[in-house]
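Asks: For reference, the sequence and a predicted model appear below.
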Amino acid sequence: MRSGNEPTTARSPLRLRFWLGVWGLVWAVAGTVAFALASRPGWAAACGVLAVVVGVDLVMIVRHIRQGPHYQPGRDVPPYEPPDSR
């Protein structure tokens with residue numbers, strides 16, 4: 001049920017995304033190292049690219065976490081009407 005106060009009571013999964021990103025970064029770096037030591041440069045490059053993408057995502061997640069809650073609707077945005085409970 002929507003009550004109209006979602007922007008003030010919403011919870012963001014950014015911390016979960018951060019820790020899943022850290023987990024993915026650890027595995028991507030480990031894969032890069034393992035494939036490089038196994039003389040598989042294609043797979044090492046693929047894991048390296050994945051590590052870079054995850055690293056950029058982590059930077060953006062940290063940036064969003066540090067910004068904090070910043071969207072609030074103005075007075076001109078009416079709240080949602082709750083559905084009829086019949």
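Replies: Received it, and whenever you're ready, just let me know what you need.
Asks: mind checking the longest helix of the protein?
Replies: helix 41-67 (DSSP state H).
Asks: what comes up buried for it?
Replies: 44, 47-48, 50-51, 54, 57-58, 61 (16 or more other Cβ atoms under 10 Å). For every residue, glycine as well, the C-beta is placed using N, CA and C.
Asks: Please apply the same query to stretch 27-35.
Replies: Neighbour-count burial for stretch 27-35 [16+ other Cβ under 10 Å]: 28-29, 31-32, 35.
Asks: Format the buried residues of helix 41-67 as a markdown table; extra columns: distance to G21 and pLDDT.
Replies: Putting the buried residues of helix 41-67 into a markdown table (distance: Cβ to Cβ, whole Å; pLDDT from 0 to 100) gives the following:
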| residue | distance to G21 | pLDDT |
| --- | --- | --- |
| A44 | 21 | 97 |
| C47 | 15 | 97 |
| G48 | 16 | 97 |
| L50 | 11 | 97 |
| A51 | 11 | 97 |
| V54 | 6 | 97 |
| D57 | 6 | 95 |
| L58 | 5 | 96 |
| I61 | 6 | 91 |
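Asks: quick one: which of those residues is nearest R17?
Replies: Proximity of the buried residues of helix 41-67 to R17 was ranked by Cβ to Cβ; the top entry is I61 with 5.5 Å.
Asks: Grab the nearest non-local neighbour of that closest one.
Replies: Once flanking residues are discounted, I61 sits nearest to F18: 4.9 Å by Cβ to Cβ, 6 or more residues apart in numbering.
Asks: outside of the helix or strand harbouring the one you found, which residues touch it?
Replies: According to DSSP states H and E, F18 maps onto helix 14-37. Helix 14-37 is contacted from outside by 41, 43-44, 47-48, 50-51, 54-55, 57-58, 61-62, 64-65, using Cβ atoms under 8 Å, 6 or more residues apart in numbering.
Asks: Can you tell me the SS state at D76?
Replies: coil (DSSP: H, G, I helix; E, B strand; the rest coil).
Asks: on that earlier part again, could I get the buried residues of helix 41-67 in CSV, plus columns for distance to G24?
Replies: Compiled in CSV, the buried residues of helix 41-67 are given as follows (distance: Cβ to Cβ, whole Å):
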residue, distance to G24
A44, 17
C47, 11
G48, 13
L50, 8
A51, 9
V54, 5
D57, 9
L58, 9
I61, 12
